[in-house]
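A.B. asks: A predicted structure for the sequence below; I have some questions about it.
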Amino acid sequence: MRSQRIVLRPEIDWGLFEQRGGLQGVEELRAEAKELFERCTGRVCPKALVREASVRIVDDLRVDIGGELFESRCLSSNLSGVDTTFVYVATCGIELEELAHSGDGLSSYWVDLIKELALDAVVEAVSAMVAERYGVGGVATMNPGSADVEVWPIEQQLPLFRLLGDVETKIGVRLSDHMLMTPNKSVSGVFFPSHAGWVSCEACTRQGCIGRRAPFNPGSR
């Protein structure tokens, strides 16, 4: 099955940007931030590449997805009883890369925040599409390299990228020798049905993480 390319022109909310950027009540910065926000949101174009792939549980450690072998106990558990999964790479897009590196530290931070909001928008769009195709009310995602290192090693992005084809040509995401994605606000993974709304934070023991969305749950690993 071929990969599907998704391209968005999202309307990023100024109020959310203002809140996350700590700009509320900081009048001396709001005008500068607003000008940069409008420049960026006129350009930003997040994208995703998605492919539906068959699932075959080999054992409690290994999973065959679309003919590629993945090793993760947590992945094997989450995909147990699932016939197909949706493999994806999503990105904020390359349109803001020049702006991200051309300003001072504060401007670069604001551009990075807009890139993050753009990535959120396209991941939400993919999630909604996958839920509709499954015909369920909720889906969850697992991402190589998210949570503790042994949960799903980041190196397993390689077979995931192979399943999607030429990701760089199709949506501009490049995978380095160290398994880091460029642009930086990019994410890879699989979607699967989950009424409980599993998130990778449940399998992560890292303390003090500002991005934590759920408490650690030993039973999720």
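C.D. replies: That came through fine. Residues are numbered from 1 along each chain as shown.
A.B. asks: show me what the top helix by length along the chain is packed against.
C.D. replies: Secondary structure of the chain per DSSP state H: the longest helix is helix 105-134. The elements that helix 105-134 packs onto, with contact taken as 3 or more Cβ pairs under 8 Å, 6 or more residues apart in numbering; DSSP states H and E, are strand 4-7, helix 14-20, helix 27-41, strand 47-57, strand 84-91, helix 97-102, strand 139-142, strand 186-193. All C-beta atoms are positioned from the backbone trio N, CA, C, and that covers glycine.
A.B. asks: list the buried residues for the helix or strand bottoming out on mean pLDDT in the chain?
C.D. replies: Considering only helices and strands, the least confidently modelled element of the chain by mean pLDDT, DSSP states H and E is helix 97-102, at a mean of 79. Neighbour counts using 16 or more other Cβ atoms under 10 Å place 97, 99-100 of helix 97-102 among the buried residues.
A.B. asks: which elements pack onto that helix?
C.D. replies: Using 3+ Cβ pairs under 8 Å, 6+ apart as the contact criterion, the neighbours of helix 97-102 among helices and strands are helix 27-41, helix 105-134.
A.B. asks: can you tell me which of these is packed in deepest?
C.D. replies: For these, the largest average neighbour count (mean count of other Cβ atoms under 10 Å) is found in helix 105-134, namely a mean of 18.
A.B. asks: and it, how far from the chain's centre?
C.D. replies: Here the centre of helix 105-134 is set off from its chain's centre by 8 Å, with Cα atoms, centre = their mean, to the nearest Å.
A.B. asks: mind checking pLDDT for the closest residue to Gln24 other than its chain neighbours?
C.D. replies: By the measure of Cβ to Cβ, 6 or more residues apart in numbering, the closest residue to Gln24 outside its immediate chain neighbours is Glu18, 5.7 Å from it. In this prediction, Glu18 carries a pLDDT score of 94.
A.B. asks: all set now, cheers.
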